[in-house]
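Asks: quick one, fold the following:
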Amino acid sequence: TNRNIAADADIDLSKLNLISGQRTFWEDFDADPATAINDLYGFSTAVASGGTATCANTSLGQLNGPTNNDKALAFVSARWHGNRGCKMSARVTAVSSLADINVQIGWGDDAAMVIDGPVSDQDWALFEFRAGTADGQWRLGSRITGAAAVFVNTGITVASATIYNISVELTTTGTVIGKINDDTFQSAAGAVKTGATDWHPFARISVSAAGGKLLAFDTFSASESRTDI
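Replies: Numbers count the residues shown, from 1 in each chain. Here you go, the predicted model:
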């Protein structure tokens, strides 16, 4: 949906500053409850087994895994340039049933945008919550293909009823800057490769037991500078 056009078909004056500003993607999932996320502008999805990626009554995007081995991935189809300060943000409203679930939110390359990734040898920069890892904390992770993954523990324990404003930014030095609410975390320089032009912002869950696992978010956005590289 193009929300930059006012009711009288003139360009909304409040949007004029975007003409020469950052390239921006934004979605608040204000769609019919049964709408699949990949029916929204700019999104693709991949699911496995009973996994789903849909909108909800309360204007949320939901990744749901009711049973063991369910997986759901939602990502922005467009590619983003790592040397243009690309940044993604998501407002997470629920991470239900914290046991037996893997949640990842951030950036991944083309190869990572499959239902079984990013969990192995691909390029990614993300916040992860993996049950049983780092005492149930969010952690900032990064990887370059062919090298080991590196994680920074945040000290923030995941709670199912807590809202988390999450952002992950890629810099020209390959440093990853992550933010959860008012807390900022940073990788070392060179944690991700520079110059890559195939980054995608995404959210993903995988489930390792029955019981109904859910990730819900009510906004999802990405931006980058229009500066030529």
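
Asks: did I read that right, residue 120 in a helix?
Replies: No: Residue 120 is assigned coil when assessed by DSSP: H, G, I helix; E, B strand; the rest coil, not a helix.

Asks: could I get the pLDDT score of the residue nearest to residue 198 when sequence neighbours are not counted?
Replies: Leaving aside its sequence neighbours, residue 198 sits nearest to residue 110 (C-beta to C-beta, 6 or more residues apart in numbering; 4.5 Å). Using the backbone N, CA and C atoms, a C-beta is placed for each residue, glycine as well. You'll see residue 110 listed with a pLDDT of 95.

Asks: ok, residue 110 - contacts?
Replies: Applying C-beta atoms under 8 Å, 6 or more residues apart in numbering, we find residue 110 in contact with 79, 198, 200.

Asks: can I get the residues you listed in a markdown table with distance to residue 71?
Replies: Output for the contacts of residue 110, formatted as a markdown table (distance: C-beta to C-beta, whole Å):
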| residue | distance to residue 71 |
| --- | --- |
| 79 | 23 |
| 198 | 22 |
| 200 | 17 |
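
Asks: OK, contacts around the closest residue to residue 39 other than its chain neighbours?
Replies: Leaving aside its sequence neighbours, residue 39 sits nearest to residue 31 (C-beta to C-beta, 6+ apart; 7.8 Å). Taking C-beta under 8 Å, 6+ apart, we find residue 31 in contact with 39, 40, 55.

Asks: and which of those residues is nearest residue 48?
Replies: residue 39 (19.1 Å; C-beta to C-beta).

Asks: mind pulling up the pLDDT for the closest one?
Replies: pLDDT, residue 39: 96.

Asks: give me the below-cutoff pLDDT ranges for this structure.
Replies: 1-20, 119, 132-134, 228-229 (pLDDT under 70).

Asks: would you confirm that residue 199 contacts residue 83?
Replies: No: between residue 199 and residue 83 there is no contact under C-beta atoms under 8 Å: 10.3 Å.

Asks: which one of those two is surrounded by more residues?
Replies: residue 199 (28 against 18; other C-beta atoms under 10 Å).

Asks: quick check: beta-bridge partners of that one?
Replies: Beta-bridge pairing of residue 199 under DSSP bridges involves residue 80.

Asks: before we move on, the earlier item: you'd agree the residue nearest to residue 39 is in a helix?
Replies: No: Residue 31: not assigned to a helix; according to three-state DSSP it is coil.

Asks: now it: how far from residue 60?
Replies: Between residue 31 and residue 60 the distance is 10 Å, computed by C-beta to C-beta, to the nearest Å.
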